[in-house]
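A.B. asks: What follows is a predicted structure for the sequence shown.
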Amino acid sequence: MSVDAKLLSDVVTLARRAGDAILGVYGQQFEVTNKADQSPLTLADTKSHDIIVQGLQALTPQIPVLSEEASDIPYSERSRWQRYWLVDPLDGTKEFVSRNGEFTVNIALIDGHDAVLGVVHVPVTDTTYTGVQNLGATRQTGHEPAVSIHTTTPALTPLRIVGSRSHRDAVLDRYLPQLEPYQLVAVGSSIKFCLVAEGSADFYPRFGPTSEWDTAAAQAVVEAAGGRVIQTDGKRLRYNTKAEVLNPHFLVSGDPHRDWMNELSLRSS
């Protein structure tokens, strides 16, 4: 499926509108409730969801939408979708609640199980990352012109590794010594992918739980910038291939020629 510049521009506008609504809540006192899985939910999540879903339905009424805040669509229905929008209205709600600014709006277009368009908007810094398959990736801050971004190849020494701020896991700690020398920076939300995409980081290994809406938009940005997002079996991370929306563990790399699986001893003998 081809993606034209007008559609990308419209999706960026939607993401920015959602970001403005999020900031409107962020600047006030807000209530935090817990969803069934104990993850936090705020008014900002629901406001952003409403803006994006209504906007996408107006833009592309023929393309269904799956959002984290309306994810109870049975796989019997989803499995028939050739293409659909995959949305996380507020990725990094824990970061939002702790007010560290490291949260994003994620909008992806999935076509044939692959993320072919991604928009990641960082409301606090008014920075928007885009990635379109075969067209490249960009970063735009405020009203400045968008600039092309590319991953760093080859990866630098020491390696610049990003990890989750709120979900640090023991498995990552076990693998890190195999990557020395390295510098590790903890960051929230899909910003981690974007740092790899723009060349500010080299590697993001994820061995903790994530859902498909957490990764799709940012994967499109990384891949369009020249990087790779693979599962720990070496296959590309894909979408809507099974009933559950949890991702397998994955590796995000800026240097696509480096054998990260071998460096982490993930290859079976």
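C.D. replies: It's in.
A.B. asks: Report the buried residues of the lengthiest helix in the chain.
C.D. replies: For the chain, the helix with the greatest residue count under DSSP state H is helix 5-26. For helix 5-26, burial by neighbour count (16 or more other CB atoms under 10 Å) applies to 8, 10-12, 14-19, 21-22, 25-26. Backbone N, C-alpha and C define where each C-beta goes, glycine included.
A.B. asks: Report the rounded mean pLDDT for the next helix or strand after it.
C.D. replies: Per DSSP states H and E, the first helix or strand lying C-terminal to helix 5-26 is strand 33-34. Averaging pLDDT along strand 33-34 yields 84.
A.B. asks: between the buried residues of helix 5-26, which is closest to residue 147?
C.D. replies: Nearest to residue 147 out of the buried residues of helix 5-26 is residue 12 (CB to CB; 14.1 Å).
A.B. asks: Could you report the distance from residue 226 to residue 138?
C.D. replies: Here residue 226 is placed at a distance of 13 Å from residue 138 (CB to CB, to the nearest Å).
A.B. asks: same deal with residue 151?
C.D. replies: Relative to residue 138, residue 151 is positioned 14 Å away (CB to CB).
A.B. asks: Break down this structure into its strands, ranges please.
C.D. replies: Ranges of strands within the chain are 33-34, 40-41, 65-67, 83-91, 104-111, 114-122, 127-132, 136-141, 147-149, 159-164, 182-187, 203-206, 228-231, 250-253, based on DSSP state E.
A.B. asks: most packed of the ones you listed?
C.D. replies: Mean neighbour count (mean count of other CB atoms under 10 Å) peaks for strand 104-111 among the strands of the chain, with a mean of 28.
A.B. asks: what's the model's confidence in that one, averaged?
C.D. replies: Strand 104-111 shows a mean pLDDT of 98.
A.B. asks: in its sheet, what does that strand sit against?
C.D. replies: Sheet pairing of strand 104-111 (DSSP bridges) gives strand 83-91 (antiparallel), strand 114-122 (antiparallel).
A.B. asks: so how far is the first one off the chain centroid?
C.D. replies: Relative to the mean C-alpha coordinate of its chain, strand 83-91 is positioned 9 Å out (CA atoms, centre = their mean, to the nearest Å).
A.B. asks: One more: the last one?
C.D. replies: In terms of CA atoms, centre = their mean, the centre of strand 114-122 is found 7 Å from the chain centre.
A.B. asks: what's the answer for stretch 52-67, then?
C.D. replies: Distance, centroid of stretch 52-67 to centroid of chain: 19 Å (CA atoms, centre = their mean).
A.B. asks: Same check on stretch 41-61?
C.D. replies: On CA atoms, centre = their mean, the centre of stretch 41-61 falls 17 Å from that of its chain.
A.B. asks: now the strands paired with strand 104-111 in JSON lines, with mean pLDDT and distance to residue 230?
C.D. replies: Formatted as JSON lines, these follow (pLDDT from 0 to 100; distance: least, CB to CB, whole Å):
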{"stretch": "strand 83-91", "mean pLDDT": "97", "distance to residue 230": "19"}
{"stretch": "strand 114-122", "mean pLDDT": "98", "distance to residue 230": "13"}
